[in-house]
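Chemist: Show me the folded form of this:
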Amino acid sequence: MTATPSVLERAGVRARGLVKTFAAPQGPVRAVRGIDLDITPGETVALLGPNGAGKTTTIDMLLGLSKADRGDVSLFGMSPGDAVRAGLVGAMPQTGGLLRDLSVRELVAMMASLYPRPLDVDEVLRLTGLRAVAGQRTQKLSGGQTQRTRVAVALVGNPGLLVLDEPTAALDVEARRAFWATMRTFASRGKTVLFATHYLEEADANADRVVLLAAGRVVADGPPNEIKARVGSHTIKATLPGVGTDELMRLPGVTGAERHGEAVVLICSDSDAAIRQLLAAYPLARHIEITGAGLEEAFVQLTGGDEGNAEVAVDDRSSGAEELGR
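Modeler: This next block holds a predicted model:
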């Protein structure tokens, strides 16, 4: 089954009412509790959530690695299995090894031979920063080199959808920067990228959309700036000596005030009203900065600061255990 480019243009990822429960000694574990998700072709989407939020289980269902108890998934208008067989999907799971006793180039070339429209092997090695170790055996690679090779294997088939679960977990800062440069190049070709990560700054910097999960449900879905805006607070920093915090607290829209030497920090529910009144009342204020809430603050508030609970904390471990047992 070979898909034409028009297939990629008219359909993307669509999930409706996904539910997944695992058996556990303490009773059923409800890992995913009714997730709806639509991803337009060409989008780069980050899946965020605390440990046990259901990220890996959701990815497994999207890829057809795990069957939903209830709900439906389609990729480019077809079932996950058909989309994978058509060569439309590339994936890098959170864990997994490489075939031994092959060079990096041999492994990537072998994977390319399985797809109808693969990328050039040399291009993929260049994109993933692997040219220097292309002749090295896979079992001799460092952790970061292994991770980059896994990315190359996922990319070389030239998929319409690339799914990555914690793709930069084993990479240092420089390698993470290079990885995201590769992803931006790949996405610029109209490809769809879905990645799960616990690095909030990666989602903020590289995703068109953030889908925030908590306890198996979607609690926020939108561009990173909109997710941050949902927290509703902004901070005004200014150099303003000689004015007390009690006086600043009386400004409209100000909910908190702190002084640090000659600088003041105002926490605002309405920064527009606060800055207008601040400038009118204190024209000598200078070095003024206004910043919105960061994605980390939004993450904590929208998920309740929860790092998973007893009911869902088994999520990702249960998924792997159940699939291996089948």
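
Chemist: for the lengthiest helix in the chain, packing partners?
Modeler: Ranked by residue count, the top helix of the chain under DSSP state H comes out as helix 173-187. Contacts defined by 3 or more CB pairs under 8 Å, 6 or more residues apart in numbering; DSSP states H and E place helix 173-187 against helix 121-127, helix 143-155, strand 192-196, helix 200-206. Just so you know, the C-beta spots here come from the backbone N, C-alpha and C atoms, and that holds for glycine as well.

Chemist: Check what contacts the first one and list those residues.
Modeler: The contact list for helix 121-127, computed with CB atoms under 8 Å, 6 or more residues apart in numbering, reads 104-105, 108-109, 112, 130-131, 134, 152, 155-156, 182, 185-186.

Chemist: The same query, at a cut-off of 6 Å, please.
Modeler: 108-109, 112, 131, 134, 152, 155-156, 182 (CB atoms under 6 Å, 6 or more residues apart in numbering).

Chemist: Residue 276: neighbouring residues, count only.
Modeler: 14 (other CB atoms under 10 Å).

Chemist: Quick one: distance of stretch 23-31 to the chain centre.
Modeler: 26 Å (CA atoms, centre = their mean, to the nearest Å).

Chemist: For residue 178, which non-adjacent residue is spatially closest?
Modeler: Ranked by CB to CB, 6 or more residues apart in numbering and with sequence neighbours excluded, the top spatial neighbour of residue 178 is residue 129, at 5.4 Å.

Chemist: That neighbour and residue 48, how far apart?
Modeler: 26 Å (CB to CB, to the nearest Å).

Chemist: Residue 74 now?
Modeler: 23 Å.

Chemist: Comparing the two, which shows the higher neighbour count?
Modeler: Between residue 74 and residue 48, counted using other CB under 10 Å, residue 48 has the larger neighbour count: 30 against 17.

Chemist: and that one, what pLDDT?
Modeler: With respect to pLDDT, residue 48 scores 90.

Chemist: helix/strand/coil for the residue of the chain most remote from its centre?
Modeler: Going by CA atoms, centre = their mean, the residue of the chain most distant from its centre is residue 242, 45.1 Å out. At residue 242, secondary structure determined by DSSP: H, G, I helix; E, B strand; the rest coil is coil.

Chemist: The helix or strand that contains residue 290 pairs with which strands, and in what direction?
Modeler: Assigned by DSSP states H and E, residue 290 belongs to strand 286-292. Strands that pair with strand 286-292, judged by DSSP bridges, come out as strand 234-239 (antiparallel).

Chemist: Let me see the residues that make contact with the partner strand.
Modeler: 262-268, 271, 285-292.

Chemist: Pick the one among those closest to residue 193.
Modeler: residue 292 (25.2 Å; CB to CB).

Chemist: give me the number of residues near that closest one?
Modeler: Residues near residue 292, counting by other CB under 10 Å: 16.

Chemist: now do residue 250
Modeler: 10.

Chemist: Low-confidence stretches in the stretch 1-150 of the chain?
Modeler: 1-11 (pLDDT under 70).

Chemist: What separates the first and last residues of stretch 188-201, distance-wise?
Modeler: Taking CA to CA, to the nearest Å, stretch 188-201 runs 20 Å from one end to the other.

Chemist: correction: stretch 95-104
Modeler: End-to-end for stretch 95-104, by CA to CA: 18 Å.

Chemist: Run the angle between the helix or strand encompassing residue 279 and strand 286-292 for me.
Modeler: Secondary structure from DSSP H and E places residue 279 in helix 271-281. Orientation check (axes from the mean of the first three to the mean of the last three CA atoms, to 10 degrees): helix 271-281 against strand 286-292 gives 170 degrees.
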